[in-house]
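Peer 1: Got a sequence here, can you model it:
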Amino acid sequence: MAKWAIHFPKKTNNHLTKLYFLTFAAILCTLSYFLGLWRNSPTVAISRSYYAAGGSDCPHPNSTSASPKFPTTTNLDFSAHHYLPDLSLTTARDFNAPPCNASLSEYTPCEDVQRSLKFPRENLIYRERHCPNAEEVLRCRIPAPYGYRVPFRWPESRESVWYANVPHKELTIEKKNQNWVRFEGERLSFPGGGTMFPRGASAYIDEIGELINLKDGSIRTALDTGCGVASWGAYLLSRDILAVSFAPRDTHEAQVQFALERGVPALIGVIASIRLPYPSRAFDMAHCSRCLIPWGQNDGIYLTEVDRVLRPGGYWILSGPPVNWQNRWKGWGRTTESLKNEQDGIERVAKSLCWKKLVQKDDLAIWQKPTNHIHCKITRKVFKNRPFCEKQDPDTAWYTKMDTCLTPLPEVNDVRDVSGGKLSNWPERLTSVPPRISSGSLKGITAETLKENTQLWKTRVAYYKTMDYQLAEKGRYRNLLDMNAHLGSFAAALVDDPVWVMNTVPVEAEINTLGVIYERGLIGTYQNWCEAMSTYPRTYDFIHGDSIFSLHQNRCNIEDILLEMDRILRPQGSVILRDDVDVLLKVKKFADAMQWDTRIADHEKGPHQREKILLAVKQFWTAQPTDKS
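Peer 2: Alright, predicted model coming up:
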C-alpha cells in the first residue's frame, strides 16, 4: 500500500506533462495555420503588388484612383519549390529590358520621323507606316516623361490634361486664335474649338444636326480625317456617336497624342497610297474640317477610299476650303479661280462615286452615298466613267494599295433595298444580328454563335472584375484595347461603363470579323502584332488579349509583343491575358523581366481547364529628371 502511494504522484505528473505538451503543440499548430493562411491570402498577395507598383496607405498627390478593392481569387503557382539550380540560362533569363533613354518617351516605331525621311514625299507616302527591321527593333522599355501623372478621369479629361504628360506648346501658339488648346500652368485645356468651329465643337455638331439626323441612332460610327486634337469626336460621344479620329504625325506635334490623353478614340494615320485599316461599309458618317486633303486630285483616289469605308446611305461632311469660297476666299489667302477649281473637282469626283449632294449651308457641305448601286451601274454603261473594282476583297486593308476604281456594293434585288442589309439604329444595333452574319458570308458564324459569344463574354468580364479592382471601379479606366476582338463581345459587355474599346482583328485571324464589329456599332482596326501599333506610348489604361500569343507562335517573339504592350500601356495600367497554361507560363517569365507585377489565376469554369488567366500591372515609373525637365 505504501509502495503504491509512493509511485502514484509520479504517474500523475507524467500524464500532466504529456497533456501540457499536447496543448502547447496544438496552440503552435493553430497559430502556424492561421499565419500561413494570412500570408497566402489574395489580399496580402495583391497588397504586395500594389505597394511595389507605387501604392501606399496615403493616396499619391497626382493619383485619381480610389482605395483598391482586393479580389478573392488565388494566385496560382506552377513552379517547383525543391530543385537544384539550373546552370544553363533560359531564354527568359537572358531577356533584359532596361529603360530606354528619356528622349524616346514618345517613340512610335512605325511612324518614326527620321525613318520616314527615307521614303518618297509624293502623295505623302513618307507619312505612312514604315516599321523598323528586325535588327532595328528596340529592346528597352519606353519611359513616361519626368513628372508624368495619372490622367484625369472622363469626362474631366475631355477638357484638361496634365502638361507633363504631353509636354508640347506648339499648338497653343500656332492655333491660339482658334481655341484648339491652351496652356494654363500645369495643365493644357481644350475649349473644344477648331479652325472651322470657333464657337466650339458642340455648337458645330448642333449645326450638322440641323442638316442630318444625329439623334435617332441611325448614325453611330464616324470617321474624322485630319482630326486635329479630335474635339469633334470628343463632343460626339455625349450623343452616343463613336468616332475614330486620325491624323498623321507631322509638324502639328502631338495631335493624336492629345486626343488619346483626353480619352478620345484616335490613331496615327494618313490617306496616302495605302487603304485605311478598316473594312468596307464601316462608318455611318465621315468628316473633314479643313483637313487639307486634296480630295479632287489624283483622279479622286482619296475620296474613293472614303467611299469604300462609308456605309450605304452614309454621309460625307466637308467644312473649310473650298466650301463657301465666295465669301471666304480673302481670309484663306487664295484666288477665287483656284478655289472654284477645287470645288468643281470635288463635285466631279462625288458625282463619279454616285453620291448625292444633300445640302450646302454656309461653311458646311454634305453628300450622301447611295444605298445600293443599281442606278450607278446604269450610268456606268452610259458615261463609261470610274469603273467598278474587280476581283478585290473590299474588306482587305492591311498594306493594301488604294485604287481609283469604285468598290461595288453587294447586289440587291430592288432599288429600295440597302446593299449588305439594313442596320438597326443604336442601341438595338449592338444586340441585333449583323447583316454580315445573317447573310451567311462569314463561314461558321451564325446568329446563335453571336448570341452565345455575347453571353460568354458577359460572364467573363464579370469574372475579370472580381480579379482586377481597377477594371471593376467605374471611371478608373477610359481607353481600353482588345488585341483579338473576334466578334467584339468583350467591348459589348462593357458598353455601360464609361470606357471605349479599340477592337483589333489580327491580320493572322482565320476569319475577318472586323466588319461585324462595326455592324454592331463598335469601332476597331486591323493589326499585325508582330509590328508596332500606330499609336503613341501610354495610349491605353487596360489591355486584353484572348489567345493572342498562341495565335502568334512561330510568327514572332513573345518578348517583342510584350514590349509593344508595355509601350502603349499607361503606368499603373493593367493587362488580362487568357491562353493555354504553358503559353502563359512563358509569357509570365518575360513579363516579370519587364518588372510587371504578374500572377496566374484559374479559368472562370474552375481549375480543371487548361486555359488560365494572367493578370499583370505595369509599375509606375518615369524617366529621370534632366536639365531640360
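
Peer 1: Without its sequence neighbours, what residue ends up closest to the residue nearest the centre of the chain?
Peer 2: Nearest to the geometric centre of the chain sits Met502, at 3.3 Å (Cα atoms, centre = their mean). Nearest residue to Met502, sequence neighbours excluded (Cβ to Cβ, 6 or more residues apart in numbering): Leu481, at 5.1 Å. The way it works is simple: take the backbone N, C-alpha and C, and place the C-beta from them, glycine included.

Peer 1: quick check, that neighbour in a helix?
Peer 2: No. The assignment for Leu481, made by DSSP: H, G, I helix; E, B strand; the rest coil, is strand rather than a helix.

Peer 1: Surely it and Glu564 touch.
Peer 2: No. The criterion here is Cβ atoms under 8 Å, and Leu481 misses it with Glu564 at 11.0 Å.

Peer 1: doesn't Leu522 make contact with Val501?
Peer 2: Yes. Using Cβ under 8 Å, Val501 is in contact with Leu522, at 7.0 Å.

Peer 1: got any residues that touch both of those two?
Peer 2: Counting by Cβ atoms under 8 Å, 6 or more residues apart in numbering, the residues touching both Val501 and Leu522 are Gly488, Ala491.

Peer 1: how many neighbours does Ser547 have?
Peer 2: 16 (other Cβ atoms under 10 Å).

Peer 1: Could you measure from the nearest residue to it once chain neighbours are set aside over to Lys588?
Peer 2: Nearest non-adjacent residue to Ser547, counting by Cβ to Cβ, 6+ apart: Asp579, 5.4 Å away. Computed with Cβ to Cβ, to the nearest Å, the distance linking Asp579 and Lys588 is 11 Å.

Peer 1: overlap in contacts of those two?
Peer 2: In contact with both Asp579 and Lys588: Leu614, using Cβ under 8 Å, 6+ apart.

Peer 1: what's the offset of the top strand by length along the chain from the middle of its chain?
Peer 2: Longest strand of the chain, by residue count under DSSP state E: strand 569-580. Distance, stretch centre to chain centre, for strand 569-580: 13 Å (Cα atoms, centre = their mean, to the nearest Å).

Peer 1: Alpha carbons of it, as CSV, please.
Peer 2: Coordinates of each C-alpha in strand 569-580 appear next as CSV, following Å, rounded to 0.1, in the frame of the first residue of the first chain:
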residue,chain,number,x,y,z
LEU,A,569,0.2,50.8,-71.7
ARG,A,570,-0.1,53.6,-69.2
PRO,A,571,1.8,53.4,-65.9
GLN,A,572,-0.3,51.5,-63.3
GLY,A,573,-2.4,50.2,-66.2
SER,A,574,-3.3,46.5,-66.2
VAL,A,575,-3.4,43.6,-68.5
ILE,A,576,-5.5,40.5,-68.7
LEU,A,577,-4.4,37.6,-71.0
ARG,A,578,-6.1,34.3,-71.4
ASP,A,579,-4.3,31.4,-73.1
ASP,A,580,-3.1,27.8,-72.6
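
Peer 1: helices or strands next to the helix or strand following that strand in the packing?
Peer 2: Next in sequence after strand 569-580, counting helices and strands by DSSP states H and E, comes helix 581-593. With contacts taken as 3 or more Cβ pairs under 8 Å, 6 or more residues apart in numbering; DSSP states H and E, helix 581-593 sits against helix 91-94, helix 548-551, helix 558-568, strand 569-580, strand 597-601, strand 611-617.

Peer 1: buried residues in helix 581-593?
Peer 2: When burial is assessed from 16 or more other Cβ atoms under 10 Å, helix 581-593 yields the following buried residues: Val581, Val583, Leu584, Leu585, Lys586, Val587, Lys588, Lys589, Phe590, Ala591, Ala593.

Peer 1: quick one: average pLDDT of that helix?
Peer 2: Averaging pLDDT along helix 581-593 gives 96.

Peer 1: That helix to strand 597-601, inter-axis angle?
Peer 2: Orientation check (axes from the mean of the first three to the mean of the last three Cα atoms, to 10 degrees): helix 581-593 against strand 597-601 gives 160 degrees.

Peer 1: Would you mind listing the residues in contact with the residue lying closest to Leu211 once chain neighbours are set aside?
Peer 2: Once flanking residues are discounted, Leu211 sits nearest to Val359: 5.3 Å by Cβ to Cβ, 6+ apart. Applying Cβ under 8 Å, 6+ apart to Val359 gives the contacts Leu211, Ala365, Ile366.

Peer 1: what sits opposite Val359 in the beta ladder?
Peer 2: Under the criterion DSSP bridges, Val359 forms beta bridges with Ile366.

Peer 1: any idea how far His375 is from it?
Peer 2: Val359 is 20 Å from His375, by Cβ to Cβ.

Peer 1: where in this protein is pLDDT low?
Peer 2: Scanning the chain with the threshold set as pLDDT under 70 gives 1-20, 32-93, 176-177, 251-253, 627-629.
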